[in-house]
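J.: Give me the fold of what follows.
(one chain, ligands or ions: 1)
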Amino acid sequence: MTALAAHGGPKTMDIPGPHYRWPIIDPSLERAVSDQMHRSLSDRDARGIIGEYEAAFAHFVGTPYAISFSSGTSAIHAMSRIAGLRPGDAVLAPAYTFLATASPFAYDGVEVIFADADDHGNVTADSLAAKLAPNVRAVIVTHMWGNPCPMDEIVAFCRSHDLLLFEDCSHAHFASWGGSRVGTFGDMAVFSTNQKAITTGEGGVLVTSNDRYRELALLYGHYNKRCLSEIDSSAEYYPFAFTGMGLKHRMTTLGAAIGLHQLAQADKIEARRRGVLSRVRQELADNPVVTPVLVPEDRGRHGLYVTGLRFCPEAATVTRDEFVALAVAEGATEVDAPGSTRDISGEPLFARRDSFAPWKPEQVAAAALPGVRSFQDVFLKIPIWGYEGDEELIEGYLAALNKVSGAVAR
Ligand SMILES: *Cc1c(COP(=O)(O)O)cnc(C)c1O
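T.: Residues are numbered from 1 along each chain as shown. Okay, here's the model as predicted:
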């Protein structure tokens, strides 16, 4: 067997970085952005590219309404406010997620109660039920790393306890569960379009089928011109249209041009990325050390954000972090054990009382979250590529993972 690069052997791959770039910057994207630059840099209403982008996004998800925001974080904050959550109320949220799934609720002084994860890193009806408290008014789920949560049981749980359901679909733009697209199960859902499968640089989209939520979303992000022209003047909240509710969260028109360009090719992007995912699944099928983390295809379709892998400590002579370092030394520099997406339940924002931080009901004791622990300790990821000419990268990464696995397998 060839020696590992970390032990003086040849590197599996030697392709100059960066190894993952998104979106594909081709002449047609450059033209879309420069055309928009000449048209307008900022739109106060939805008659131009913002409206066009929102309509395309709604069509993409299969939902009646999509309202753009400056970030996924600001769109999640709007969901909290639209739902009328207040200090004293609580929301059930995943402990294992990116922090912005839960931080906007804390900003509002809403108590966040954290739920455990299953072996896909997702909350379930049972893990949510275990944390149910009398002041819980809503649930937010994240479809982690692209794998959809078990939405049929989560919808049933929320109905039976009269809870609002929010979805954080930031990892899951192309995902579905039981044939329905994620983002269509809840009362509202948010898709970040930061560095995600559909990207606008910075941006977020709130989707809903509820007219009232749509109009309130405008008040929470798009005061004045848009609100005055788009909100039903007989609505009880119409008098707020001029001022909105106090903050502005508009995205830029250039971001919308970038997003619209990708949405126009969504089928092509999806086909290409699904192809990459099945290549990885096929190639790692018999690898005892790392296996893809994928919800079974007869239950749900993957969201195509990244390829998640599970490291099997019993099958290897090294730790997960040593495995990652060995793969990186082979030249597969994007093999990653994520650091900023992890158990957030102990963060001071949620767990501590400080005079300079948002209101909190009381000092919160750390909860035992065995599912989160065991998932995050063995998780690693590689990109899902998706552009012409990426074959060399994909095959290089697979060869590096297989080489290191072969060398460290028990
Ligand atoms: C990226 C992300 C967010 C935040 O979105 P921004 O657009 O970066 O504000 C929220 N939740 C999850 C799961 C994310 O991955």
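J.: quick one: W22 and Q195 touch, right?
T.: Yes. Taking contacts as Cβ atoms under 8 Å, W22 lies within contact range of Q195: 6.9 Å. From N, CA and C alone the C-beta is placed, and that goes for glycine too.
J.: which of those two has more neighbours?
T.: More crowded of W22 and Q195, by other Cβ atoms under 10 Å: W22, with 17 against 12.
J.: and the residue in the chain positioned nearest to the ligand, what does it touch?
T.: Proximity of the chain to the ligand (Cβ to the nearest ligand atom) peaks at G72, 2.6 Å away. Counting by Cβ atoms under 8 Å, 6 or more residues apart in numbering, G72 touches A100, D168, S170, V190, F191, S192, T193, N194, G203, G204.
J.: Hmm, A102 and the second one touching each other?
T.: Translated: D168. No. Counting by Cβ under 8 Å, D168 does not reach A102; the two are 9.1 Å apart.
J.: Give the residues shared as contacts by those two.
T.: With Cβ under 8 Å, 6+ apart, D168 and A102 have common neighbours I140.
J.: all helices of the protein, in order?
T.: 27-39, 49-61, 72-82, 103-107, 125-129, 151-160, 211-219, 225-230, 253-263, 266-283, 320-329, 348-351, 370-376, 391-408 (DSSP state H).
J.: Of those helices, flag the one that's most buried.
T.: Highest mean neighbour count of those: helix 72-82, a mean of 26 (counted as mean count of other Cβ atoms under 10 Å).
J.: which other helices and strands contact the least confident helix or strand in the chain by mean pLDDT?
T.: Scoring the helices and strands of the chain by mean pLDDT, DSSP states H and E places helix 348-351 at the bottom, with a mean of 90. Judged by 3 or more Cβ pairs under 8 Å, 6 or more residues apart in numbering; DSSP states H and E, helix 348-351 is in contact with helix 103-107.
J.: One more pass at 10 Å, please.
T.: helix 103-107, strand 111-115 (3 or more Cβ pairs under 10 Å, 6 or more residues apart in numbering; DSSP states H and E).
J.: can you list the ones you listed in a markdown table and add distance to the ligand?
T.: A markdown table is the format used below for the helices and strands packed on helix 348-351 (distance: least, Cβ to the nearest ligand atom, whole Å):
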| stretch | distance to the ligand |
| --- | --- |
| helix 103-107 | 9 |
| strand 111-115 | 14 |
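J.: Now distance to N402 and mean pLDDT too, for these, in JSON lines please.
T.: Output for these, formatted as JSON lines (distance: least, Cβ to Cβ, whole Å; pLDDT from 0 to 100):
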{"stretch": "helix 103-107", "distance to N402": "39", "mean pLDDT": "96"}
{"stretch": "strand 111-115", "distance to N402": "36", "mean pLDDT": "95"}
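J.: Distance to P10 for those - can I get that in JSON lines?
T.: Shown next, in JSON lines, are these (distance: least, Cβ to Cβ, whole Å):
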{"stretch": "helix 103-107", "distance to P10": "45"}
{"stretch": "strand 111-115", "distance to P10": "46"}
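J.: Select, out of those, the one closest to Y305.
T.: helix 103-107 (19.8 Å; Cβ to Cβ).
J.: Contacts for that closest one next, please.
T.: Helix 103-107 is contacted from outside by 72-81, 83, 85, 89-91, 93, 99, 110-112, 138, 140, 166, 190, 344, 347-351, 357-360, using Cβ atoms under 10 Å, 6 or more residues apart in numbering.
J.: make it 6 Å
T.: The contact list for helix 103-107 (Cβ atoms under 6 Å, 6 or more residues apart in numbering) reads I76, H77, S80, V91, V112, L349, F350, P358.
J.: Worst mean pLDDT among the helices of the chain?
T.: Lowest mean pLDDT within the helices of the chain: helix 348-351, a mean of 90.
J.: what about Y20, distance to E330?
T.: 16 Å (Cβ to Cβ, to the nearest Å).
J.: Looking at those two, which has the bigger crowd around it?
T.: Neighbour count, other Cβ under 10 Å: between Y20 and E330, E330 has more, with 25 against 17.
J.: Could you verify my assumption that that one touches A400?
T.: Yes. If you go by Cβ atoms under 6 Å, E330 and A400 touch, sitting 3.9 Å apart.
J.: Which neighbours do these two have in common?
T.: T12.
J.: near the ligand, which residues of the stretch 151-300 of the chain?
T.: D168, S170, H171, S192, N194, G204 (Cβ under 6 Å from any ligand atom).
J.: Great, nothing more from me.
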